[in-house]
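Participant: After the sequence you'll find the predicted model.
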Amino acid sequence: MTKKNSKKVKEDPDELAIASPTFPEPDNEPVEDIFEDEKSEKKKKKKKKKNKDDEAEADAEVPQVPERSEEADEEQDDKKNKKDKSKKKVDPKKEKKGGPGKKALAAMQETLRKIKEEEERIRREEEEAERRAEEEERIRQEQERKEQERRELKKQREKEKKERLKAEGKFLTPKQRAQQARSQASLEVLRAQGIDVPLIGEKRPRAGTRIRSNKQQQATVQTEDRATSEEKTADQTAGVIEETLVEEEVEEVKESWDAESSSEEEVEETPVPEATNVVQNQPTSKSDSEVSESSSEEEESDSSDGSDDEEETKKTDAVSRREKALNRIQKRREAAEKNKNPEILRAPVVCVLGHVDTGKTKILDKLRRTHVQDGEAGGITQQIGATNVPIEAIREQSKMVIGFQDMQLKIPGLLIIDTPGHESFSNLRSRGSSLCDIAILVVDIMHGLEPQTIESLNLLKAKKTPFVVALNKIDRLYDWISNPRKDVKDLIKSQGKNTQLEFQDRAKLVITQLAEQSMNAAVYYENPDPRSYVSMVPTSAATGDGMGNLMALIVELTQTALAKRLMYSDELQATVLEVKAIPGYGTTVDVILINGTLHESDTIVLAGTDGPIVTQIRSLLLPQPMKELRVKNTYTEPKEVRAAQGVKITAKELEKAIAGLNLLVADHPDEVEICKEEVAHELKSALGRIKLQDRGVYVQASTLGSLEALLEFLKTSEIPYANIRIGPVVKKDVMKASTMLEHNDQYAVILAFDVKIERDAQEMADSVGVKIFQADIIYHLFDSFMKYRDELKAKKREEFKDVAVFPCKLRILPQFIFNTRDPIVVGVVVESGIVKEGTPLCVPSKEFVNIGIVTNIEVNHKPIETARKGQEVCIKISPTPGDSPKLYGRHFDHTDLLVSKISRESIDACKEYFRDDLQKPDWQLMVELKKLFQIL
C-alpha cells in the first residue's frame with residue numbers, strides 16, 4: 001500500500017504541488033478508514049456540485065441584486081475552509097486513480113466563477129448606463145418643456161404690452177423707432193446750432209395770442225400718468241408671481257438669439273393662452289433678470305415677433321399716419337392762406353410767347369442789355385430760360401414813360417420766362433404758359449399772326465392767362481425814326497404821316513386777325529376797357545423803342561388787376577422747367593419758384609421716368625440779377641430762396657427727372673408718401689408721351705425739354721426711337737445703338753441734339769458702323785438723318801433690284817411679232833401691273849414654261865424703264881441663262897397670257913424696298929399671282 005501510494009505520488013506531481021506541505025503523511029492508518037474517507041470525499045464533491053448548480057440558478061433568477069454575490073463568496077470561503085480541513089485528513093497518495101484531482105477541479109471551478117462574475121458585472125454596467133441615459137433624456141425633455149412655457153409666457157406678456165401701447169397710441173415699430181432716433185438726432189443738431197426748437201409735445205403760442213389753460217391737455221396728462229402707474233403695478237405683481245415660481249425651477253441655460261427666435265416662430269403658430277392662466281398653471285416662469293430686459297432686447301423681440309402682428313397693425317398705422325400728415329398739410333395751407341397780405345406781393349412770372357423769329361429773346365436782351373440771342377444756335381431759342389429783373393432795372397428802363405415815376409411800386413421785380421417759338425417746342429410753350437401770371441404775346445407787325453402765335457394764343461385762352469401784345473419790329477416801318485428815350489405814344493406822333501398811316505394799317509390788320517380768334521384788342525393808349533380789350537404796345541427790340549412802355553404796362557396791370565393773385569404765400573408752389581447736366585455740378589434742375597421758400601437740405605419730391613424721385617437739396621444756385629438762368633455764369637449759393645425766383649437745384653438722383661411737373665417739399669417724413677402719390681398722379685400723363693419702341697434710332701439731347709421736342713418731331717415724321725438719354729454721347733451709347741445693326745441698318749443711328757460727342761465714342765462708332773448726327777438746330781438734325789435714310793434706301797434698292805419682280809400681265813399683239821427666237825421681240829399691251837427691265841416671264845397656260853427675261857422696253861423707238869397698265873410697248877425677251885431658247889409659235893403664241901414669275905424672295909424685296917413704286921392695283925395683282933403660283 002505504501003508502494004502504491006508512492007507510485008501515485010510519482011504519477012501526480014501537480015497534486016503534490018497543490019497539497020499543503022505542513023501536514024505530514026500518516027504511516028500507520030487502517031485501510032478501512034481510507035476507503036471511508038474516499039467515500040465521504042465523493043459525497044462532499046456531489047454535494048458541492050449541487051450547491052454550485054443551485055447557486056447558478058439563484059444567480060440567473062435574481063440578476064439585479066448585487067448582495068447575492070457577496071453571500072456566495074462567504075459560502076465559498078466556508079467550503080474552502082472545510083475542504084482544507086478535509087485535506088488535512090485525506091492522504092493524497094491514497095486518492096483514487098483516473099480523472100483530475102480535487103484541487104484541479106476546484107481551481108477550474110474558481111476560474112469559471114470569475115468569468116461568470118465578470119460577465120455579470122459588464123451586463124450590470126450596461127444596464128446602469130442605459131438607465132442613466134433614459135434619466136438624462138427625461139430631464140432634458142422636462143427642461144425643454146419648461147423653456148417653451150417660459151417663452152410662451154414671455155411672448156404673451158409682450159403681446160399684451162403691444163396691445164396696450166396700440167390702445168394708447170404709443171406703439172412704434174423698429175422702423176419708426178429708427179426714424180424717431182434720426183429725427184431726434186437732427187433736432188439735437190439744430191439745438192447745437194443755436195436754433196430754438198420746441199420739445200416733443202410742447203405747443204408754443206403764436207405771438208400776440210392769449211395763453212389759455214388747456215383742461216383737455218391736463219386731463220390727458222393725468223390719464224397718461226394713471227396708465228403708466230397701472231402699468232408699473234401690473235409689472236410689479238407679475239414680477240412677484242414669477243419670482244415665486246422661479247424658486248421651483250431648475251436654473252436654465254440661456255440659448256442663443258437664433259435658437260430663441262426660431263423657436264418663437266414655431267410657438268406663434270399655436271394659440272397663446274391668457275397671461276393670467278399661464279401664470280397660475282405653468283410650473284416655471286422667467287427669472288427676475290429676464291423680466292427686466294433691456295430696451296435693445298425688446299427691440300430684437302419686436303422685430304423677431306412674427307410679421308403677423310405687424311401686418312395686423314400696418315394698415316391702421318399707415319392710415320393714422322396718413323390722416324395726421326394730411327391734416328398737417330391742410331392746416332399749413334390754411335395758415336398760409338390766412339397770412340396772405342395784399343401789401344406784400346411776390347414777383348409776377350411773365351411768360352414771353354410767339355412765333356419763331358418774332359423777336360422774343362431780342363426783347364429780353366434789350367431789357368437785360370445782354371446778347372443771349374446771338375449765342376443761340378441759328379438765333380433760335382431751343383430751351384426755356386428764366387430771368388429775374390429787379391424793380392430798380394424796371395424803373396430805369398421805364399423812366400421816359402409819362403406818369404410812371406409817380407407810381408408806387410409794390411412788386412419786388414419781374415421773373416420773365418422765355419420760351420421757344422418754333423413748332424417742335426409746343427410742349428415747352430405749354431409748360432411756360434402754365435406757370436405764368438401774365439404773358440407777353442410777341443407779334444411781328446410786318447407779318448401779323450402766324451401759326452405758332454395762334455397756338456400760343458390758344459394756350460393762353462385755355463389757361464385763362466391775362467396777356468399783352470407786343471407789336472414788335474416797328475423799326476421796319478417805312479421811314480421810321482428811332483428814339484428809345486421817348487414815350488412810344490409821342491414817338492409815333494412825331495413820325496411822318498406815311499409812317500403813321502402804315503403803322504395804323506398794320507395795327508388794324510393785327511386787331512382784325514385777333515378778332516378772328518375771338519379776341520378784342522386795341523393799342524394801349526386807345527384802349528377803352530383794359531378788362532375786356534387786350535392792350536397792344538408798339539415795340540422795337542432792335543432799337544429799344546417802346547420797351548419802357550411795355551414794362552410799365554406789365555407792372556401797372558400786375559399791381560392792380562393781379563394784386564390778389566400775387567399775394568405772397570408760404571405754401572410752396574414750384575415747377576421744374578429743365579433738367580440739365582452742368583460741369584462741376586452734375587445733373588441739375590431749373591425750377592421756377594412761384595410761391596413759398598426753398599431751403600438747402602430740404603427733402604424734395606419730383607417726377608422721374610421710373611417713378612417719383614425723393615432726394616435732398618444739396619445746394620441752391622441763383623443766377624446774378626438780370627442774367628439768364630440757362631446761360632453759363634457764376635452762381636450765388638444762398639441757404640434759402642424766396643419766391644418768385646428762377647433757381648437751379650443740385651441734388652442726387654436727378655438724372656431721370658422729368659421737367660414740366662410740380663416740385664413738392666416734404667417737411668416731415670410721413671408726408672413723403674403723400675407727395676409721391678401726388679407726383680405719380682401728375683406723372684402718368686407726362687410718361688404717356690415718351691413711349692419707346694423695340695426698333696428705332698437712338699436720341700440724345702442736352703435737356704429734357706429739347707429731347708421731348710425732338711421726340712415729338714420724330715413722332716410726326718413717323719421715325720421710331722428705341723432709346724433716349726440726356727447728356728453727351730459716350731461709348732455706352734454707341735454700344736446700345738449698334739444693337740440695331742442686327743435688325744435694321746437705317747436705325748443704327750444716334751441723333752445728338754445740342755450735345756458733345758466724345759472722341760472715343762466717335763472712333764467706336766466709325767469702327768462698328770454706327771452713324772452719329774450732331775446738330776444745334778432741330779431741323780438740321782432731321783434733314784441730315786432723312787438724307788442718310790434716303791441714301792441707304794437707294795443703296796438697298798440698287799442691291800435688290802434684280803431680286804424684286806414687279807407683278808404684270810401682258811397680252812401679245814399678233815400684228816407686232818418682230819423676232820420669234822433668241823431674242824424674242826414682240827409688241828405687247830400691259831393688261832395690269834407694271835413691267836420693268838429684268839422681269840422674268842412665263843406662260844401659266846403652258847405649264848408655267850419660262851420664256852426668258854425682259855431686257856429692253858421701247859415705245860416709238862425710245863427706251864423706257866417701266867410700262868404700266870394700258871400701255872402698248874415693244875419688249876425684247878432674252879433666254880434665261882442655262883435654259884434652252886424658247887420659240888414663239890411652238891412653245892407659246894399670241895393667245896397665251898404672259899405673266900411675271902414672282903417668288904417669296906421677290907415679294908419680300910418689293911415690300912421692304914419698293915413699296916412706294918407699287919400702287920394698290922399692283923398689290924392686288926401680286927396677291928392674285930401669289931395664289932396662282934401657290935406661294936405661301
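Facilitator: Perfect, I can see it now.
Participant: Run through this protein and note the low-pLDDT ranges.
Facilitator: Applying pLDDT under 70 to the chain flags residues 1-99, 193-194, 196-197, 199-315, 368-385, 419-435, 609, 625-633, 685-689, 703-705.
Participant: biggest helix in it, by residue count?
Facilitator: Across the chain, the longest stretch assigned as helix under DSSP state H is helix 102-168.
Participant: for it, packing partners?
Facilitator: Applying 3 or more C-beta pairs under 8 Å, 6 or more residues apart in numbering; DSSP states H and E, one finds that helix 102-168 contacts helix 13-18, helix 31-61, helix 67-89, helix 215-246, helix 257-269, helix 275-281, helix 295-304, helix 306-338. Every residue, glycine included, has its C-beta placed from N, CA and C.
Participant: For A657, which non-adjacent residue is spatially closest?
Facilitator: V579 (4.8 Å; C-beta to C-beta, 6 or more residues apart in numbering).
Participant: Helix or strand for that neighbour, just tell me which one.
Facilitator: For V579, the host element (DSSP states H and E) is strand 573-582.
Participant: What's the first helix or strand after that strand?
Facilitator: strand 586-595.
Participant: helix/strand/coil for the spatially most central residue of the chain?
Facilitator: By C-alpha atoms, centre = their mean, the mean C-alpha position of the chain lies nearest to D610, the distance being 6.0 Å. Recorded secondary structure, D610: coil (DSSP: H, G, I helix; E, B strand; the rest coil).
Participant: Was I right to think it contacts I658?
Facilitator: No: counting by C-beta atoms under 8 Å, D610 does not reach I658; the two are 10.1 Å apart.
Participant: Which secondary structure state does R618 sit in?
Facilitator: With three-state DSSP as the basis, R618 sits in strand.
Participant: ok, now K930?
Facilitator: Going by three-state DSSP: K930 is helix.
Participant: For it, give me its contacts.
Facilitator: Contacts for K930 (C-beta atoms under 8 Å, 6 or more residues apart in numbering) come out as 902, 907.
Participant: Relative to T453, how far out is it?
Facilitator: Applying C-beta to C-beta, to the nearest Å, the value for K930 to T453 is 53 Å.
Participant: From what I see, F816 and V826 are in contact.
Facilitator: Yes: here F816 reaches V826: they are 6.3 Å apart, a contact under C-beta under 8 Å.
Participant: More neighbours: which of those two?
Facilitator: V826 (21 against 15; other C-beta atoms under 10 Å).
Participant: Any figure for the gap between that one and L841?
Facilitator: Taken as C-beta to C-beta, the span from V826 to L841 is 11 Å.
Participant: what do you get for I658?
Facilitator: I658 is 60 Å from L841, by C-beta to C-beta.
Participant: before we move on, what about F773?
Facilitator: Distance from F773 to L841, by C-beta to C-beta: 44 Å.
Participant: any common contacting residues for F816 and V826?
Facilitator: Common neighbours of F816 and V826 (C-beta under 8 Å, 6+ apart) are C874.
Participant: Determine the number of other residues adjacent to the residue nearest to A657.
Facilitator: V579 has 24 nearby residues by other C-beta under 10 Å.
Participant: That one: what's it in contact with?
Facilitator: Residues near V579 by C-beta under 8 Å, 6+ apart: 587-590, 654, 657-659, 703-704, 726.
Participant: Return the member of those residues nearest to R177.
Facilitator: Nearest to R177 out of the contacts of V579 is L654 (C-beta to C-beta; 31.2 Å).
Participant: Three-state assignment for the closest one, please.
Facilitator: coil.
Participant: My guess is it contacts I613. True?
Facilitator: Yes: using C-beta under 8 Å, L654 makes contact with I613 at a distance of 7.0 Å.
Participant: ok, and the closest non-adjacent residue to T636?
Facilitator: L622 (4.9 Å).
Participant: give me the number of residues near the one you found?
Facilitator: Neighbours of L622 under the rule other C-beta under 10 Å: 17.
Participant: ditto for N327
Facilitator: Counted with other C-beta under 10 Å, residues neighbouring N327 total 10.
Participant: Just list the residues touching it, thanks.
Facilitator: No contacts exist for N327 under C-beta under 8 Å, 6+ apart.
Participant: The helix or strand harbouring R191: which residues count as buried?
Facilitator: Element membership for R191, per DSSP H and E: helix 174-192. By neighbour count on 16 or more other C-beta atoms under 10 Å, the buried set for helix 174-192 is empty.
Participant: For it, which helices and strands make contact with it?
Facilitator: helix 295-304.
Participant: separation between E653 and E673?
Facilitator: For E653, the distance to E673 - C-beta to C-beta - is 18 Å.
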